[in-house]
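J.: I would like the atomic coordinates for the input below:
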Amino acid sequence: MSDFEAVIGLECHVQLDTQSKLFTGAATTFFAEPNEHIDPHTLGLPGSLPVPNRRAVELALRMGLACGCTIRSHSQFARKHYFYPDLPKGYQISQYDAPLCEGGSVEFWHDGAPRSVHLLRIHLEEDAGKNVHVAGGMVSLLDYNRAGVPLIEVVSQPDLRSAAEAAEYLRAIRRLVRYLGISDGNMEEGSLRCDANVSIRPRGSERLGTKVEIKNINSFRYVEKAIEYEIARQTDVVVRGGSVRAETRGWDAERGQSRSQRSKEEAHDYRYFPDPDLPPLHVDAAWRDAVHARLPELPMARLRRYSDGLGLPAQDALLLISERELSDYFDAALLTCGIRPAMSTLPPEQRVLAKLAANWLLSELLGALHRDGKDLGQSPISAAALGELVSLISDGTISGKQGKDVFARLYAGEKSSPAALVDALGMRQISDPAIIEEACRRVLMAPANQKQVEQYQKNPKLLGFFVGKVLAETGGRAKPDAVSALLQRLLAERGSQSP
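T.: Residues are numbered from 1 along each chain as shown. Take a look at the predicted model:
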């Protein structure tokens, strides 16, 4: 174990799912020709005034409320000044000392236990444009399509202690914004970007070390690698007797290392002041409460319901909550099975049913979809159909093996319901004890089976032989457990009658 402890905080920039920019009606479409979605305000032309996008504010409220933040009734937009070619106005409209959302936390599961990271704030801001560097040339081109696109910045407290934990926290942010429907969280397209603030300190110390910021990391894997590299770099500097310098560094994924870009700015370097063109943003209690009432069930709440209420193993529950679409599908399948999502604790028999439904979804359906390169939205089997199939297996109408046959037909495009398909194929299992006993007696009386009947008393493993014969006799429709029980009784009777 190292003598040093890492202290990590993340600043996550989330592009909000709006059709227009934060302060103007220009479009936000990702796939567009360079500079197709610009207007006078995007370019900072004189006389153009900003008008806040109500939907962007509401999406930011969703995130703040989902994280348990305190929502300011009056927040303030500020101008953050810095000179860079992708910032045509010479400043970025953001929020500084009066952000929309303060405090709160993000919950997630890490290393076999629940984890919570406290937030400093969530605020609204506009994005900058994009520099396009021409390979091998001395020219950089500018695309302002992204300039003015609405973002929220989710700023964590320095609660994270490892690169793996930081990556899992970032996954939790992505999962949360997708559950809330405020962003697609696509890191490749820049809808979710991350800056990591990393420092080290002697293990056991409460004093924070010198912070280094790593900018614009665009994948979970690179977040983990960049933080691991930075922890090792800072540790090496200190062990050699040097001092860590406060700076901003960029991550070079090809070389697997960070590079110094500039000394670290302080807040006063940006010369923040309230934007004179924008009045305070007012969010009254009625608006806040209306947004709160429309929040969906959040990932960690579903995890607890699946684990504690349904009794699912943690690994199954974590897979089911990984995407809202997947957990919504599972809940709909459960509803068909007669299990209401709101039920807090299930009796044992329904827990078995819930586990069976999870197995069929995670193993059979997702396995087939993955094999065919499809996602859940392309599934040929609806949630209701899967739930009905699971119910037929659970109540003994069909066996698990027969269930796979029905599943294959449904997946191939069969339009009948599972129950109708079972009837059409004559698959319903025989449960009448008299019919099963008659079939068992025929098998035991058959001349071809007498040798095995005689050997059974010395070799009880031959029971499987007889079960197979009875299933063949009944076309696979007799319930195996009932067949096994009856055969054991009949064979025991024969054994007691032997001299």
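J.: thought W109 was touching L318?
T.: Yes. Under the criterion of CB atoms under 8 Å, W109 is in contact with L318, at a separation of 6.0 Å. Yep, even glycine has a C-beta here, placed from its N, CA and C like the rest.
J.: Ends of stretch 389-398, what's the gap?
T.: Distance between the two ends of stretch 389-398: 9 Å, counting by CA to CA, to the nearest Å.
J.: Contacts for it next, please.
T.: 333, 336-338, 352-353, 356-357, 360, 399-400, 403, 406-407, 410, 418-419, 422, 427-429, 431, 479 (CB atoms under 8 Å, 6 or more residues apart in numbering).
J.: before we move on, back to that, mind listing the shared neighbours of W109 and L318?
T.: Residues within reach of W109 and of L318 at once, by CB under 8 Å, 6+ apart, are L303.
J.: Same drill for the two, tell me which one is more crowded.
T.: Comparing W109 with L318 by other CB atoms under 10 Å, the one with more neighbours is W109, at 19 against 16.
J.: helix/strand/coil for that one?
T.: Using DSSP: H, G, I helix; E, B strand; the rest coil, the three-state assignment for W109 comes out as strand.
J.: mind pulling up the phi and psi values for A128?
T.: When read as degrees, to the nearest 10, the backbone of A128 gives phi -90, psi 180.
J.: G413 versus that one, what's the distance?
T.: A128 is 48 Å from G413, where distance means CB to CB, to the nearest Å.
J.: who has more neighbours, those two?
T.: When neighbours are counted by other CB under 10 Å, A128 comes out ahead of the other of A128 and G413, with 20 against 8.
J.: Torsion angles phi and psi at the residue lying closest to the more buried one once chain neighbours are set aside?
T.: Of all residues not flanking A128 in the chain, D86 sits nearest, at 4.6 Å (CB to CB, 6 or more residues apart in numbering). Backbone dihedrals for D86, given as degrees, to the nearest 10, come out at phi -80, psi 10.
J.: and D86, how far is that from R271?
T.: To R271, D86 is 19 Å away according to CB to CB.
J.: circling back to that earlier point, just the buried ones from the contacts of stretch 389-398?
T.: Buried subset of the contacts of stretch 389-398 (neighbour count, 16 or more other CB atoms under 10 Å): 333, 336-337, 353, 356-357, 360, 399, 403, 406-407, 410, 418-419, 422, 427, 429, 479.
J.: thought V117 was touching P158?
T.: No. The pair V117 / P158 is not scored as a contact, 9.4 Å apart, by CB under 8 Å.
J.: Neighbour count: those two, which is higher?
T.: When V117 and P158 are compared on other CB under 10 Å, the one with more neighbours turns out to be V117, at 25 against 18.
J.: how about the more buried one, secondary structure?
T.: Classified using three-state DSSP, V117 is strand.
J.: The residue nearest to it when sequence neighbours are not counted and D3: what is the separation?
T.: When the adjacent residues along the chain are set aside, V117 lies closest to D159, with 4.6 Å between them (CB to CB, 6+ apart). Between D159 and D3 the distance, using CB to CB, works out to 21 Å.
J.: Between those two, which is the more surrounded one?
T.: For D159 versus D3, neighbours defined as other CB under 10 Å are more numerous around D159 (19 against 11).
J.: Enumerate every residue touching the more buried one.
T.: The contact partners of D159, by CB under 8 Å, 6+ apart, come to G9, V117, H118.
J.: Please apply the same query to S140.
T.: The neighbours of S140, taking CB under 8 Å, 6+ apart as the test, are P85, N131, V132, H133, V134.
J.: Quick one, which of those residues are buried?
T.: Among the contacts of S140, none counts as buried (16+ other CB under 10 Å).
J.: CSV for those residues, including distance to M445?
T.: Conversion of the contacts of S140 to CSV gives the following (distance: CB to CB, whole Å):
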residue, distance to M445
P85, 93
N131, 87
V132, 85
H133, 86
V134, 88
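J.: Quick one: low-confidence residue ranges for the protein.
T.: Across the chain, residues meeting the criterion (pLDDT under 70) sit at 1, 264-267, 342-344, 495-499.
J.: At the geometric centre of it, which residue sits there?
T.: Centre of the chain computed as the mean C-alpha position; nearest residue by CA atoms, centre = their mean is S322, 2.9 Å away.
J.: List the residues that contact that residue.
T.: Contacts here follow CB under 8 Å, 6+ apart; on that basis S322 touches R175.
J.: how close does it get to R174?
T.: On the measure of CB to CB, S322 and R174 end up 10 Å apart.
J.: now swap in G25 and tell me
T.: With distances taken as CB to CB, G25 is found 28 Å from R174.
J.: swap in V406?
T.: 36 Å.
J.: just L281 next, same as before
T.: Counting by CB to CB, the gap from L281 to R174 is 26 Å.
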